[in-house]
Structures are given as C-alpha cells and as structure tokens.
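Enquirer: quick one: sequence plus predicted model below, questions after.
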Amino acid sequence: MITPGREGAFEAYATELSLATGTEEGCLSYHLHRNLNQKGVYVFIEEWASPQLWERHMSGEAIRVFNAQLPPGTIANIEIHPLEQIA
C-alpha cells in the first residue's frame, strides 16, 4: 500500500527494481501489478528458483538501492505472502 500522492515515485523506482531484479540469479519472473479498483495498492508477483535465492534477493543490492531511493513514508504498508505452487 502506497501513501496517497506518492504512487508516481513508487512506480518509477519499482520499475528500476524490476529491471535490476530480472537479471539476478534464480529470478524466473518478477512483475509489478497495480490494483485497478483500489488506488495505491500494488503487488509484486515473483517466481524464484529456490527460497534461498529469494532470500538473497531480499537482502541484495537491488532491494537496498530501491529502499534508499524511496522517500521516507512512501510505503504505507507492506505484506509478504510466500506461495508454493501445487498444481
């Protein structure tokens, strides 16, 4: 959930994050989606070769740069929901 009025900055930096992440080892897909019915709600859908490679990403350079670029208070709330494909 992005703080109202900060969506543009978030999208710009999140686009850079998506491009950088796509080149990381183990990244199978990494896409940012905007909720069409609720302004300010975004979802990253990520697919990684292993949980360990995802964890490396979460503490890696692309995430550090993304977090450093975002103005304080841009992200109002964040939730991470690890999923496992079953079919």
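Expert: Yep, that arrived.
Enquirer: what's the pLDDT at the residue positioned nearest the centre of the chain?
Expert: In the chain, the C-alpha nearest the mean C-alpha coordinate belongs to Phe44, at 4.8 Å (CA atoms, centre = their mean). Looking at Phe44, its pLDDT reads 95.
Enquirer: quick check, it in a strand?
Expert: Yes. Counting by DSSP: H, G, I helix; E, B strand; the rest coil, Phe44 is located in a strand.
Enquirer: wait, it touches Ser29, no?
Expert: No. The pair Phe44 and Ser29 fails to qualify as a contact (CB atoms under 8 Å) at a distance of 10.4 Å. No exception for glycine: its C-beta is placed from N, CA and C like everyone else's.
Enquirer: mind listing the helices for this protein?
Expert: Ranges of helices in the chain, per DSSP state H, are 7-21, 51-58, 61-69.
Enquirer: got the contact list for the closest residue to Ile45 other than its chain neighbours?
Expert: Closest residue in space to Ile45, ignoring its immediate chain neighbours: His31 at 5.0 Å, by CB to CB, 6 or more residues apart in numbering. His31 is in contact with 18, 44-46, counting by CB atoms under 8 Å, 6 or more residues apart in numbering.
Enquirer: before we move on, what about Leu36?
Expert: Contacts of Leu36 (CB under 8 Å, 6+ apart): none.
Enquirer: my guess is Ile45 meets Leu28, correct?
Expert: No. The criterion here is CB under 8 Å, and Ile45 misses it with Leu28 at 11.0 Å.
Enquirer: looking at the contacts of His31, which is nearest Asn67?
Expert: Taking CB to CB as the measure, Phe44 is the one of these closest to Asn67, at 13.8 Å.
Enquirer: chain neighbours aside, what residue packs nearest to that closest one?
Expert: Phe44 sits nearest to Leu32 (CB to CB, 6+ apart), 5.5 Å away.
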